[in-house]
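In: how would this look folded up:
(2 chains)
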Amino acid sequence: DAKTTQPTSMDCAEGRAANLPCNHSTISGNEYVYWYRQIHSQGPQYIIHGLKNNETNEMASLIITEDRKSSTLILPHATLRDTAVYYCIVRGDQTGANNLFFGTGTRLTVIP
Amino acid sequence: GAGVSQSPSNKVTEKGKDVELRCDPISGHTALYWYRQRLGQGLEFLIYFQGNSAPDKSGLPSDRFSAERTGESVSTLTIQRTQQEDSAVYLCASSFGGGSGKTQYFGPGTRLLVL
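Out: Alright, predicted model coming up:
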């Protein structure tokens, strides 16, 4: 799986949009970009994923650059409950690559 | 609908004892994964089951670790002769099929403490 690079930490004011960047410059054509988050003492929670096109769901939007080498997760109106570690993961169909590789992620702190 | 469930939620054991951790995947999900997360660290892949295929055991750290899955339902992760370094949160995930486009959904984890 391609490696990802994320900032270690970010702050965001409550009610504002949180924009979390991720670099995945070695991504290959069949690899998806996934975002998960992990709130303290809980299992990882799926947020969104995409291949080429931008995606939006009830939780967030995912913006993938045209060259697919980076992406941004957008939480449109951050709340205190969005404080968590956010993981950007790329995953392909290579034989044996059945797992998700969670790096260190970005620790997002939403400030009142 | 019901998500992935795991039991027990917490387990304290003595060094050298065996433990069994249980995972109930989402109904209909053919793929099941076990991960380990040590305190303050990322997830380590342990094992993957997909349908009737041979499991991918490439992440199991030693022969003290084993896992079984009954059909496309419950899975049990067994750790024999536990060591203190086995202390971690053990997470289970399931997905509808394997492959890169299949979203994995995680359970709450079992927190294992080996004294």
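In: Wait, a strand at A:Asp11?
Out: Yes: under DSSP: H, G, I helix; E, B strand; the rest coil, A:Asp11 falls within a strand.
In: Look up how far A:Arg37 lies from it.
Out: 16 Å (C-beta to C-beta, to the nearest Å). Any C-beta I mention is one placed from the backbone N, CA and C, and that applies to glycine too.
In: the more surrounded of those two?
Out: A direct count of neighbours by other C-beta atoms under 10 Å in any protein chain shown for A:Asp11 and A:Arg37 places A:Arg37 higher, at 23 against 12.
In: what residues are up against the nearest residue to the more buried one once chain neighbours are set aside?
Out: Once flanking residues are discounted, A:Arg37 sits nearest to A:Ala84: 4.3 Å by C-beta to C-beta, 6 or more residues apart in numbering or on different chains. With contact set as C-beta atoms under 8 Å, 6 or more residues apart in numbering or on different chains, A:Ala84 has these partners: A:37-40, A:45, A:107-108.
In: before we move on, what about B:Cys92?
Out: So B:Cys92 contacts B:4, B:6, B:23, B:25, B:32-35, B:75, B:77, B:106-107, B:109 (C-beta under 8 Å, 6+ apart).
In: and chain A, which of those contact it?
Out: B:4, B:33, B:35, B:106-107, B:109 (C-beta under 8 Å from any C-beta of the partner chain).
In: follow-up on the earlier one: what bridges to the residue nearest to A:Arg37?
Out: Beta-bridge pairing for A:Ala84 (DSSP bridges): A:Leu108.
In: mind listing which of the contacts of A:Ala84 are in strands?
Out: A:37-38, A:45, A:107-108 (DSSP state E).
In: Report the buried members of these.
Out: A:37-38, A:107-108 (16 or more other C-beta atoms under 10 Å in any protein chain shown).
In: ok, of the residues you listed, which one's closest to A:Ala78?
Out: A:Leu108 (7.8 Å; C-beta to C-beta).
In: Show me the two of the contacts of A:Ala84 that sit farthest apart.
Out: A:Gln45 and A:Arg107 (15.0 Å).
In: Low-confidence bits of chain B, can you list those?
Out: Within chain B, the segments meeting pLDDT under 70 span B:1, B:100-101.
In: Tell me the residues of it that contact chain A?
Out: Residues of chain B lying near chain A (C-beta under 8 Å from any C-beta): B:4, B:31, B:33, B:35, B:42-43, B:45, B:48, B:50, B:56, B:58-59, B:91, B:93, B:98-101, B:103-109.
In: need the contact list for the spatially most central residue of chain B.
Out: Geometric centre of chain B, nearest residue: B:Trp34, 3.1 Å, by C-alpha atoms, centre = their mean. By C-beta under 8 Å, 6+ apart, the contact set of B:Trp34 is B:23, B:45-48, B:67, B:75, B:77, B:90-92.
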